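Peer 1: quick one: sequence and predicted model below, then my questions.
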Amino acid sequence: MRYAMAVDTKKCVGCSDCVVACQTENNVPIGYCRDWIVEVTDGTYPQLELEYRSERCNHCENSPCVRCCPTGASHYSDGGIVLVDHDKCIGCGACIASCPYDARYTHPKGYVDKCTFCEHRVKHGQDPACVAVCPTKCMYFGDLDDPNSDVSKVIKKRKYKTLIPEAGTNPQLYFLI
Amino acid sequence: MREELIVSGRMNPHIDPQLHIWEWQIPAYLFLGGLAAGILFFAGYYFIKGKSEEYPTAVKLAPIFVPVFLALGLFFLFLDLKHKLYFWRLYTAIKLESPMSWGAWTLMIITPLSMVWAALHIKSLFPKWDWKFDFVKDIIKWLEDYKTPVAWAMMILAVILGIYTGILLSAFNARPLWNTSILGPLFLVSGLSTGAAAIIIMSKSSAERHMFAKIDLVLIAVELFLIIHMFMGFRASTQVQIDAASMFLGGQFTAPFWVFVVGLGLLVPASLEVMELRNKKIHYMVAPALVLFGGLLFRFIMAYAGQMSRWLY
């Protein structure tokens, strides 16, 4: 099993519904976010291109955060989901410094926190909150090992990119372009 | 002109707009760790060489302060932790891929070792020292027989401690400024240099001071070589590392780094040491004090600038 997510940058309108859904679903403390919208304007005026991306932890296959964690709090869960075990985390910040996507933060309670791919929903066959709530249905979630999953099908059909693959992390968040 | 404008909706505390997860505690600890490693290395080395009487400050006096430095450094590390009550979790796991785990275990062994060494030599600082309890005296007497293995362990662990302070940072590929394998050796050499400087400050014998001034000169030369090499490597690397280096080559850290770390912290003390070795009258504390200042500032600048360097996407 290999969970992954695809975000269609052509469909995303940057409404931030996914951000709010995540904050509500996961009781994210006020002022923090586990997913966020990035808006990129690129080109030479007046030929400009606009791209919206709903970003979050890339649940990398070669995660620097798991590698550098001194206690084993950061770990791979079922399906390659990268999680933080709060009772093992000492809040040293090594994983935060190690993440090229800056996807982690320190929870006000002291431990490090991040996107969990909504593991609590996924294990019951539901989509993550951000995917479920998206009004333009621009996000796809599923098992890459299953050729019939939403994410496998859309990745087969469409061109995509990942974020800074040159960092060697093998990210599992795909952006359809 | 082609432009790319990136707007992010993320504003997490200590992450955005610029990573600032590590504050003064980390560079202060890196300095104390390097200083302790330097002193312990020389203590172990000159004891094994049988030069305890020739270099009494290095072998006996200076190491007495090391447990204090290490305890203070560990206290700073503890202050840095955000989930403090769980700190003991460091010692429920051995993670070979995590430099921080290596460091935690090294400190776990080298701190008590430094205490043993200090206990064995405390009388050289306080001649009237009395251990009061007989069983403590017995333990000290028993340990006297194992000085050589302790010295070897101290020397080897000091190298690991000194180099780990650099590897800790160089292992983060997310921060291009840190992501160079030069950083481990550079921090080790800088730590040895601050250790030699501390020994010079504490020493009362001019022969010993001259010896360590010579050692320090070699270490400073190696340090300069490594610093130049580091920037050469950055300049010849990818865009993110070119950008990281540009913070020091025209960017905001140019003046503090080249004037205070390289100038006041390396070049000036090296010149003063040369003059002193040629018997010019210079107060012997000036050069080592500058070396210590340079070592401390170097770690602060590397810790802060490293967090500012990042990948672009």
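Peer 2: Right, received. Where do you want to start? All values derive from a computational prediction rather than experimental measurement.
Peer 1: who's in contact with stretch B:173-183?
Peer 2: Stretch B:173-183 is contacted by residues A:64, A:97-100, A:102, A:167-168, B:19, B:166-167, B:169-170, B:172, B:226, B:229-230, B:233-234, B:238, B:240-241, B:243-245, B:247, B:302, B:305-311 when judged by CB atoms under 8 Å, 6 or more residues apart in numbering or on different chains. C-beta coordinates here come from the backbone N, C-alpha and C atoms, glycine included.
Peer 1: okay, helices next: where are they in chain A?
Peer 2: In chain A, the helices defined using DSSP state H lie at A:17-25, A:64-68, A:94-98, A:119-122, A:129-133, A:150-157.
Peer 1: closest one to B:Ile220 among those helices?
Peer 2: B:Ile220 lies closest, by CB to CB, to one member of those: helix A:94-98, at 29.2 Å.
Peer 1: now, of the contacts of stretch B:173-183, which are buried?
Peer 2: Among the contacts of stretch B:173-183, those buried by neighbour count (16 or more other CB atoms under 10 Å in any protein chain shown) are A:64, A:97-100, A:102, A:167, B:19, B:166-167, B:169-170, B:172, B:226, B:230, B:234, B:240-241, B:243-245, B:247, B:302, B:305-311.
Peer 1: looking at those residues, which are in helices?
Peer 2: Filtering the buried ones among the contacts of stretch B:173-183 for helices - DSSP H - leaves A:64, A:97-98, B:166-167, B:169-170, B:226, B:230, B:234, B:240-241, B:243-245, B:302, B:305-308.
Peer 1: report the separation between B:His83 and A:Cys89.
Peer 2: B:His83 sits 5 Å away from A:Cys89, going by CB to CB, to the nearest Å.
Peer 1: more neighbours: which of those two?
Peer 2: A:Cys89 (25 against 22; other CB atoms under 10 Å in any protein chain shown).
Peer 1: show the contacting residues for that one.
Peer 2: Listed by CB under 8 Å, 6+ apart, the contact set of A:Cys89 reads A:71, A:73-74, A:110-112, B:83, B:86, B:89.
Peer 1: ok, which stretches of the stretch 1-150 of chain B are helices?
Peer 2: Under the criterion DSSP state H, counting those that start in this stretch, the stretch 1-150 of chain B carries helices at the ranges B:25-48, B:56, B:66-80, B:99-125, B:134-144, B:147-170.
Peer 1: what does the second one contact?
Peer 2: The contact list for helix B:56 (CB under 8 Å, 6+ apart) reads B:124, B:205, B:208.
Peer 1: among those residues, which one has the most neighbours?
Peer 2: Busiest of the contacts of helix B:56 [other CB under 10 Å] is B:Glu208, holding 20 neighbours.
Peer 1: count of neighbours near the residue in the stretch 51-200 of chain B that chain A sits nearest to?
Peer 2: Residue nearest to chain A within the stretch 51-200 of chain B: B:Lys82 (3.0 Å; CB to the nearest CB). Counted with other CB under 10 Å, the neighbours of B:Lys82 add up to 20.
Peer 1: returning to that earlier point: overlap in contacts of B:His83 and A:Cys89?
Peer 2: Contacts common to B:His83 and A:Cys89, judged by CB under 8 Å, 6+ apart, are A:110-111.
Peer 1: tell me which residue of chain A is furthest from the middle?
Peer 2: Distance to the chain centre peaks in chain A at A:Pro46, reaching 32.4 Å (criterion: CA atoms, centre = their mean).
Peer 1: give the contact list for B:Gly306.
Peer 2: Contacts of B:Gly306 (CB under 8 Å, 6+ apart): B:169, B:172, B:175, B:177-178.
Peer 1: would TSV of these with distance to A:Tyr174 be doable?
Peer 2: Conversion of those to TSV gives the following (distance: CB to CB, whole Å):
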residue	distance to A:Tyr174
B:Leu169	31
B:Phe172	25
B:Arg175	25
B:Leu177	30
B:Trp178	29
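Peer 1: let me know the pLDDT of A:Pro70.
Peer 2: A:Pro70 is assigned a pLDDT of 97 by the prediction.
Peer 1: contacting residues for it?
Peer 2: Each residue near A:Pro70 by CB under 8 Å, 6+ apart is listed here: A:90, A:92, A:94, B:90, B:93, B:95, B:98, B:100-101, B:103-104.
Peer 1: how near is it to A:Gly110?
Peer 2: Look at A:Pro70 and A:Gly110: by CB to CB, they are 16 Å apart.
Peer 1: do A:Asn26 as well
Peer 2: Applying CB to CB to A:Asn26 and A:Gly110 gives a distance of 17 Å.
Peer 1: go on, B:Thr238?
Peer 2: B:Thr238 is 35 Å from A:Gly110, by CB to CB.
Peer 1: and what of B:Phe31?
Peer 2: Distance, B:Phe31 to A:Gly110, using CB to CB: 26 Å.
Peer 1: do A:Tyr45 as well
Peer 2: Distance from A:Tyr45 to A:Gly110, counting by CB to CB: 47 Å.
Peer 1: that older thread, was I right to think the residue of the stretch 51-200 of chain B closest to chain A contacts A:Thr106?
Peer 2: Yes. Between B:Lys82 and A:Thr106 there is a contact under CB atoms under 8 Å: 4.9 Å.
Peer 1: now do the shared contacts for these two.
Peer 2: Here B:Lys82 and A:Thr106 have A:91, A:93, A:112 as joint contacts, going by CB under 8 Å, 6+ apart.
Peer 1: thought A:Tyr76 was touching A:Ser63?
Peer 2: Yes. Counting by CB under 8 Å, A:Tyr76 touches A:Ser63, with 7.4 Å between them.
Peer 1: looking at these two, which one has more neighbours?
Peer 2: Per other CB under 10 Å, whichever of A:Tyr76 and A:Ser63 has more neighbours is A:Ser63, with 24 against 14.
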